[in-house]
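# Requesting a structural model of the entry that follows:
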Amino acid sequence: MLLAGDIGGTKTHLALYSLDATPIQQQEAIFKSADYPSLEAIVQEFLAQTAVTVKQAAFGVAGPVVNGESKITNLPWHITESNLCQTLQLSPGAVKLLNDLESIAYAVPHLSAADLSPLNSEQLDPTLGGHKAVIAPGTGLGEAILFHHHNRYHVMPSEGGHTDFGPVNAVQMGLLRFLLDRFNHVSYERVCSGGLGIPNIYAYFKETRPNEESPTVRAALAQSPDPTPVIIQAGLNNECELCRATLNTFVSILGAEAGNLALKVMATGGIYLGGGIPRKILAKLRDGTFMAAFVNKGRFAGLLSHIPVYIILHENPGLLGAAYYGLTLDENSHQ
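Here you go, the predicted structure:
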């Protein structure tokens, strides 16, 4: 069997797959990450319940992977491929760690039409191929590239979400100044994510437009440990002007950075929106705000208007991508 995992600061999702050309999920389980001292402890508990033999394993992890090692964001875990090989009693090279966005990217070529929601209708001929890219606002902002070469896709990890935020209008310039007073570096992740971005944008509008905050939202925020769902829901329902402005600004920034990524990669094969936020704000992404920002690149607006843009609807593309990568682990280990 193949063991695949999607490892995050909040939850760890493990599943067993058949080692066929198309991975078929056999068993799965979700664990609360903070309840365990290590990924190895979760893996041991999961396999003790299954009584199967694992031949190889691949895990997408929420953090950068360097030389087969990773420290998970928001967890005191230090994960290494060598320790996992020992835990699973596998030979070196039979376990692979991937950045979580790499995992999503490996899933992209295998997603069905039902797994995707297009945001634009005028698109380049998909049979022509071309590079693709994934941008995923969730707790943070992740990005990854699918490089098209010799009729196949090769995934390249990226930490593009930590590049400098570039405002495109007066409101965003005010947001940047507001955040520069609080941080020594303002990345796209600080303005285009659920964990940081949405609360930061709301805080900016609250300071500059204090009379527009809804008393209901203020009370809900005071009681909620996570402000982002409160702000998103009130913005979608037009219940609070500050929440609506926050959502508009967030989607505009996401569209602009997705357009930046498309230009840097020449992603004629498509831009794919992953992460936990896009699926929650489908209506807002479809109202034109995102695409207006995406194509707002001067002389290249025409090109960008024809690049396919999709929202990933699949509930766990990271797990699926880890499984597909795991199927070709022997081949990939020699690249």
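# Okay, and the beta partners of Ile30?
In this structure, Ile30 has beta-bridge partners His13, where bridges are defined by DSSP bridges.
# Quick check: it vs Gly194, distance?
Applying Cβ to Cβ, to the nearest Å, one obtains 19 Å for the distance of Ile30 from Gly194. For glycine as for every other residue, the C-beta is placed from the backbone atoms N, C-alpha and C.
# Same check on Gly174?
In this structure, Gly174 and Gly194 are separated by 22 Å, where distance is defined by Cβ to Cβ.
# And Asn151, by the same measure?
As judged by Cβ to Cβ, Asn151 and Gly194 stand 36 Å apart.
# my guess is Gln26 contacts Tyr17, does it?
Yes. Counting by Cβ atoms under 8 Å, Gln26 sits close enough to Tyr17 to count as a contact (6.5 Å).
# one step back: which one's more surrounded, Ile30 and Gly194?
Counting neighbours by other Cβ atoms under 10 Å for Ile30 and for Gly194 shows that Gly194 has the greater number, 23 against 12.
# Let's test this: mean pLDDT of the helix or strand harbouring Gly321, rounded?
Secondary structure here is read from DSSP states H and E; on that basis Gly321 sits in helix 317-327. Model confidence over helix 317-327 averages 94 on the pLDDT scale.
# who does it touch, helix- and strand-wise?
Based on contacts counted as 3 or more Cβ pairs under 8 Å, 6 or more residues apart in numbering; DSSP states H and E, the elements that helix 317-327 packs against are strand 2-7, strand 11-17, strand 56-61, strand 95-99, helix 100-107.
# could I get those as JSON lines with distance to Gln86, mean neighbour count and mean pLDDT?
Compiled in JSON lines, those are given as follows (distance: least, Cβ to Cβ, whole Å; neighbours: other Cβ atoms under 10 Å; pLDDT from 0 to 100):
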{"stretch": "strand 2-7", "distance to Gln86": "14", "mean neighbour count": "27", "mean pLDDT": "96"}
{"stretch": "strand 11-17", "distance to Gln86": "18", "mean neighbour count": "22", "mean pLDDT": "94"}
{"stretch": "strand 56-61", "distance to Gln86": "12", "mean neighbour count": "28", "mean pLDDT": "96"}
{"stretch": "strand 95-99", "distance to Gln86": "10", "mean neighbour count": "25", "mean pLDDT": "95"}
{"stretch": "helix 100-107", "distance to Gln86": "23", "mean neighbour count": "30", "mean pLDDT": "95"}
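# how about a markdown table for these, with distance to Asn238 added?
Written out in a markdown table, the entries for those read as follows (distance: least, Cβ to Cβ, whole Å):
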| stretch | distance to Asn238 |
| --- | --- |
| strand 2-7 | 34 |
| strand 11-17 | 32 |
| strand 56-61 | 36 |
| strand 95-99 | 37 |
| helix 100-107 | 31 |
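# quick one, what contacts Leu196?
The neighbours of Leu196, taking Cβ atoms under 8 Å, 6 or more residues apart in numbering as the test, are Gly140, Glu189, Arg190.
# Are we agreed that the second one is in a helix?
Yes. With DSSP: H, G, I helix; E, B strand; the rest coil as the criterion, Glu189 is assigned to a helix.
# burial measure for it, as a count.
In terms of burial, Glu189 registers 24 neighbours under the definition other Cβ under 10 Å.
# and the gap between it and Ala256?
Using Cβ to Cβ, we find Glu189 at a distance of 14 Å from Ala256.
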